[in-house]
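Q: The following block contains a protein sequence and its predicted model.
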Amino acid sequence: MYPPFDELDDERLAEVVRHTQIEFFPAGTIILHQAAEPSAFLYIVRTGVVEAVDGDLVADVLGEGEFFGFVSLFTGLEPAFTLRAVEDTICYLVDQEIALEVMTTRRGLAFLAGSLRRREVSVLEGPEREAVDAWATQVAALVRRPPLVVPARSSIREAAELMARERVSSVLVRVDGQEDIGIVTDRDLRAKVVAAGRSPDTPTSDIMTTPVFSVSQETTAAEVLTLMYEKGIHHVPVVGDDGRPVGMVTDTDLMGLEQRSPFILKAELERALTIDEAVQTGGRLPEMFVSLVQAHVDPLDIAHAVAVTIDTLTTRLLDLAINDAGEPPCPWAWLALGSEARQEQGLATDQDNALVVECDEGEFIDVDPYFQRLATVVNDGIERAGIPRCRAGVVASNPEWRGTLDVWEERFWGWIREPARTGRAFVGIAFDYRRVTGPLDVDPVLDEVIRRSSEEDQFMRQLAKLAVEARPPVGLLKDAVVNRKGKSAPAFDVKQGGIAPITNLARVLAVESGVTENRTLRRLRAAAEAGYLERETLEGLEEAFDLLWQIRVERQTRAVEEGQVPDDSVRPEWLGPLTRQALRDAFQLIDGAQERLAAGLGLRR
């Protein structure tokens, strides 16, 4: 009834039946465990419903005739999700060998490619999930090294030794005086050398396949997989604009694409057994970031995914540190501050965090050494994973950013009621807080302070002053950025020159309207609903914020791909004409919003 079995002849179908088991799974049964042993079968739902889950999040629901377990089965990788029977379910379990034979027919491969393309992976946790088609990823993002190339006169032995030494399954063959290249794969070594009894000293050119089918760097993973299966090949060179090979992509690379999703990185962090393992896994954050950008995920959802990943790394490091140090002596909470609290993080970021404990002030001196050790382990681990400490020292291992809940409440009020002490570190970092983990519920106390701070006129003026004094550039002139004093520069900081001013505006409006929300766009929308922001300005700031973040993630992706340290410096020549015009409009809109805020509070700019 269902493809690809619907086109098998009776004899072939009978062969499949002989290699198939039938198994009943009562409702609630876990069929495959996420990140456990690879699947041993191709599972087909005969009756019932199966859901793919990550923790409490349902990523997919499968009904009659649908497949699961094939990515793990064909690649040997751990299952990307837990597969669980929602109701009493009967499945067909097809043996690996026969499943592979069926799926490598033209009909089977086309069906499998289509199924993979349709599969969507949820990037974010919580109610605002954004569906991502990982198969829209450009193959350039899958290339990890230049291809191996051997001369046509080299021997089969030399090619095989090179493949074994470099742990690859193919080499390209360059023929002198010819533009076309050939390819030799591990399958060729088995079928054309070992099985055929050829001498290992035979020239590589005798067994190579030529011409070689190749694809451009912009081709999507789904397109490559479909073409690969239609042509019956397993290795495809990826060529640059000049037609020269820049890398190789294999069917295994494509079938394992799901393993690079945020779900997988999050799951691997959660099951890390040691500090070193957690750090090493967290170091793969740039790879995840680039894969999401290549899949055209919304830039603010990428920023959210980065924050979720850092949260998970932080929580796992805390768990492992507590396992080593023993149970905490009192309730506690780990706070994310600044951009991580807002869940608006790129790769060019640092650590901003704090630690709150619940005990009497006299007891704090006794319990603080324990939390000092804990915080040091976490801050060191996150730094080793590639995220440096805040240069201003806003980290929990710094004694100034630890304290009892009463002390933190006093600190907040002190910063608010003594504006001279209200510096950028507090306004831009500490005022944006979020509890990441820990049993101590700090929100009622600190949120109440933030709500009441709008009554402090002097503080509000200080907060607004900081929001309007950092003005965006005037615009772009040819390949230069023009600032307010008429001076030009070859680049601008997309965070400080565009994103931060919107973030600062949103913070003032949120406090003014009594909103304790952290994320920038939610703050703006809440302020608009409360009548503190015009609808037209809201829509303009939303568009500007999204544009600036898109420019930021593309800049940082480019840096990763070029082996550079990601930053926020953008050159106008990197931008297309439409983006340049939109950026000019965004600068003007931000400046106008700042002007209106300043005028409303009687501030001079």
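A: Arrived safely, thanks for sending. The structure presented is a predicted model; accordingly, all values stated were derived computationally and were not measured.

Q: pLDDT below threshold where in this protein?
A: Applying pLDDT under 70 to the chain flags the ranges 104-136, 226, 229-230, 255-264, 295, 419-428, 430.

Q: Determine how far stretch 501-508 lies from the middle of the whole chain.
A: Centroid separation between stretch 501-508 and its chain, computed with Cα atoms, centre = their mean, to the nearest Å, is 25 Å.

Q: Could the C-alpha coordinates of that stretch be exported in PDB?
A: In PDB, the C-alpha atoms belonging to stretch 501-508 read as follows (Å, rounded to 0.1, in the frame of the first residue of the first chain):
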ATOM      1  CA  PRO A 501      20.600  50.800  20.700                       C
ATOM      2  CA  ILE A 502      17.400  48.900  20.000                       C
ATOM      3  CA  THR A 503      18.000  46.600  23.100                       C
ATOM      4  CA  ASN A 504      18.600  49.700  25.300                       C
ATOM      5  CA  LEU A 505      15.400  51.400  24.000                       C
ATOM      6  CA  ALA A 506      13.400  48.300  24.700                       C
ATOM      7  CA  ARG A 507      14.800  48.100  28.200                       C
ATOM      8  CA  VAL A 508      13.700  51.700  29.100                       C
END
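
Q: what's that stretch in contact with?
A: 342, 344, 427-428, 431-432, 460, 463-464, 466-467, 470-472, 520-521, 523-524, 527, 541, 544-545, 548, 590, 593-594, 597 (Cβ atoms under 8 Å, 6 or more residues apart in numbering). Using the backbone N, CA and C atoms, a C-beta is placed for each residue, glycine as well.

Q: what's D366 in contact with, if anything?
A: Shown in contact with D366 (Cβ under 8 Å, 6+ apart): P329.

Q: and the host helix or strand of it, which residues are buried?
A: If you go by DSSP states H and E, D366 is part of helix 361-384. For helix 361-384, burial by neighbour count (16 or more other Cβ atoms under 10 Å) applies to 364, 367-368, 370-372, 374-375, 377-379, 381-382.

Q: Go through those residues and name the one nearest W574.
A: Distance to W574, by Cβ to Cβ, is smallest for I382 among those, at 30.1 Å.

Q: hmm, back to that, hey, C-alpha coordinates of the helix holding D366 in PDB?
A: Presented in PDB, the C-alpha positions along helix 361-384 are these (Å, rounded to 0.1, in the frame of the first residue of the first chain):
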ATOM      1  CA  GLU A 361      24.100  37.000  56.300                       C
ATOM      2  CA  GLY A 362      26.200  35.600  59.100                       C
ATOM      3  CA  GLU A 363      26.200  32.100  57.500                       C
ATOM      4  CA  PHE A 364      27.200  33.400  54.100                       C
ATOM      5  CA  ILE A 365      30.900  33.600  55.000                       C
ATOM      6  CA  ASP A 366      30.800  29.900  55.800                       C
ATOM      7  CA  VAL A 367      28.900  28.700  52.700                       C
ATOM      8  CA  ASP A 368      30.500  31.000  50.100                       C
ATOM      9  CA  PRO A 369      33.700  29.000  49.700                       C
ATOM     10  CA  TYR A 370      31.600  26.100  48.400                       C
ATOM     11  CA  PHE A 371      29.900  28.300  45.900                       C
ATOM     12  CA  GLN A 372      33.200  29.900  45.000                       C
ATOM     13  CA  ARG A 373      34.600  26.500  43.900                       C
ATOM     14  CA  LEU A 374      31.400  25.700  42.100                       C
ATOM     15  CA  ALA A 375      31.400  29.000  40.200                       C
ATOM     16  CA  THR A 376      35.100  28.700  39.300                       C
ATOM     17  CA  VAL A 377      34.500  25.200  37.800                       C
ATOM     18  CA  VAL A 378      31.600  26.500  35.700                       C
ATOM     19  CA  ASN A 379      33.300  29.700  34.500                       C
ATOM     20  CA  ASP A 380      36.500  27.800  33.600                       C
ATOM     21  CA  GLY A 381      34.500  25.200  31.800                       C
ATOM     22  CA  ILE A 382      32.500  27.600  29.700                       C
ATOM     23  CA  GLU A 383      35.700  29.500  28.900                       C
ATOM     24  CA  ARG A 384      37.500  26.300  27.700                       C
END
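
Q: so how far is it from its chain's centroid?
A: Distance of helix 361-384 from the chain centroid (Cα atoms, centre = their mean) equals 29 Å.

Q: Same check on stretch 232-245?
A: With Cα atoms, centre = their mean, you get 27 Å for stretch 232-245.

Q: I'd guessed A341 sits against R434; true?
A: Yes. Applying Cβ atoms under 8 Å as the test, A341 and R434 come out as touching, 3.9 Å apart.

Q: Surely E400 and G393 touch.
A: Yes. Counting by Cβ under 8 Å, E400 touches G393, with 7.1 Å between them.
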